[in-house]
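Build the 3D model from these lines:
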Amino acid sequence: MQIVFMNRLSRMSGVDQEVFAQLWIGEEEGLWRLGWRDFSGEQEMGDSLWYEGGSWSEMLCVYRHELAMKMGDGYRPLIDGVFHEDEHLSSRGQEQLKLQYYSEQHGNETVYEELCSWRRGKASSERKAPYILASNRLLRMISAFLPHTAEELLQIPGVGEGKASQYGADWLSITSGVQREHQYPLGWVSDSIDEESFVSWLYKQKELKYKKQLERLRLRRVLLQGIEGGQGMEQLKGLSGVSRREVLEAVEELEKDGYSVEKLIALELSEVTSQELNNIWTAYELIGDTFLKPVLYKAYGEDFSPAEGLDMYYERLRLIRIRFRREQPAALGLATNL
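Just a heads-up that it's a prediction; the model follows:
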C-alpha cells in the first residue's frame, strides 16, 4: 500500500503530558484506506482503520467526520488545512459563532421553552414549518441575550429588519421583562469565553456537519443501488432506514444531480390511470410546479378529501413533478431555437 497523505497530531493529556497520533491515507489498486495511529512516547499503539473502499468521496467524508471528532477532543495538527476545504472565517463570522457558542452555554431554558412554545403556535396559525419562523439557534441566542428593545434585538445574528417587523414584538413580549446581568452591545462576549473551549466547540460543529454529509452520501448510494435493482418506495425506506418523505427528497436530489430515477417513478406510478396522470400534468402546465397544494386541487377537485389521507397523493405529485421538470429544459430549448 502506498501512503499518499499523512499528518501528525498532538494534544495535552493531564497536566503536562503531550500525546501524539498520526492520520494517514493509503491507496492500493484503487482501494482507499484511511486510518489513525496512536503513539505512547516513541512506541506505536496500533492502527484504527476508519475506512476501506473504492470511493474517494465517501473516504473524504469519513476523513472529515472522524478528524473533526478527534479535534473536538483536543487534538491539533502539525500541518494546517487538514479538512481540505476553505476554513477561513471572516472576523464577523467568528464573532457570530462566538455569540452562538455563548448562547449554548448560557441560555435561559425557561425563556427558550417559552419561545419554542410561541413558535409552535405561530407555525400552526400561519401554516408554516416552524424552522421558517425561527431556527433553534436563533431562539437560543434570543434566550441567552434577552433583548429588551427592538434596537437590541437587531444586534442578534439572524434577526434582520424583516424578522424583527414580523415577530419582534412577540419575542420582546417574552424577553423584555426578564432580568439580565449583561449589557448591549455584545462586544464583551468575545472576551468572556475560553478560546480553547470555543475552538473545540467549532470542531464539534464540523463533526455534526460532516456526519450529515456522510449520511447523505451513504443514503444516495443505497437508493441508487435499490432503484437499479427495481425496488419501490417502501423497499427503499426499509433499506435506508429513513422515512418515505426523506427517501423522496433524496430521490429528487438525485434527479437534479443527473442520476436516472425513472425506473422508480415508473414502478410507483404503474397503477395510476392515464386520466389521472394527464390531469396532474395539465395542472402543472397551467399552475406551475412551485407549490403542490394548488396542483392537487386542480387535478382532483377542490373538495378532494380521501379517507386514506393526502400523503399518497402528494407523493404521487412529486414523482410526476420530477418528470415534468425533466422535460422543461428541452421544451424551453426548442422554443428558443424556433
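
Report the mean confidence score over stretch 24-39.
The pLDDT scores in stretch 24-39 average 92.

can I have it written out in PDB, keeping just the CAs?
Coordinates of each C-alpha in stretch 24-39 appear next as PDB, following Å, rounded to 0.1, in the frame of the first residue of the first chain:
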ATOM      1  CA  TRP A  24      -2.900   8.500   7.200                       C
ATOM      2  CA  ILE A  25      -4.500   7.800   3.800                       C
ATOM      3  CA  GLY A  26      -3.200   4.900   1.700                       C
ATOM      4  CA  GLU A  27      -4.100   3.600  -1.800                       C
ATOM      5  CA  GLU A  28      -3.500   0.200  -3.500                       C
ATOM      6  CA  GLU A  29      -5.000  -0.700  -6.800                       C
ATOM      7  CA  GLY A  30      -7.900   1.700  -6.500                       C
ATOM      8  CA  LEU A  31      -8.700   0.700  -2.900                       C
ATOM      9  CA  TRP A  32      -8.600   3.500  -0.400                       C
ATOM     10  CA  ARG A  33      -7.700   3.100   3.300                       C
ATOM     11  CA  LEU A  34      -7.900   5.700   6.000                       C
ATOM     12  CA  GLY A  35      -6.500   5.200   9.500                       C
ATOM     13  CA  TRP A  36      -5.500   6.600  12.800                       C
ATOM     14  CA  ARG A  37      -2.300   5.500  14.700                       C
ATOM     15  CA  ASP A  38      -1.800   6.300  18.400                       C
ATOM     16  CA  PHE A  39       1.600   6.700  20.000                       C
END
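
How about residues contacting it?
Residues from elsewhere that reach stretch 24-39 (CB atoms under 8 Å, 6 or more residues apart in numbering): 1-7, 19-23, 44-56, 59, 62-63, 66, 70. In this view, the C-beta of every residue, glycine as well, is placed from N, C-alpha and C.

So which of those are in helices?
56, 59, 62-63, 66, 70 (DSSP state H).

that older thread, among the contacts of stretch 24-39, which ones are in strands?
Counting by DSSP state E, the part of these found in strands is 2-7, 19-23, 44-53.

separation between the most centrally placed residue in the chain and Glu181?
With distances taken as CA atoms, centre = their mean, Lys212 lies nearest the centre of the chain, 6.1 Å away. For Lys212, the distance to Glu181 (CB to CB, to the nearest Å) stands at 36 Å.

Just the closest of the ones in helices among the contacts of stretch 24-39 to Ala129, please.
Val62 (31.3 Å; CB to CB).

pretty sure that closest one is touching Trp50, no?
Yes. With contacts counted by CB atoms under 8 Å, Val62 reaches Trp50, the gap being 5.5 Å.
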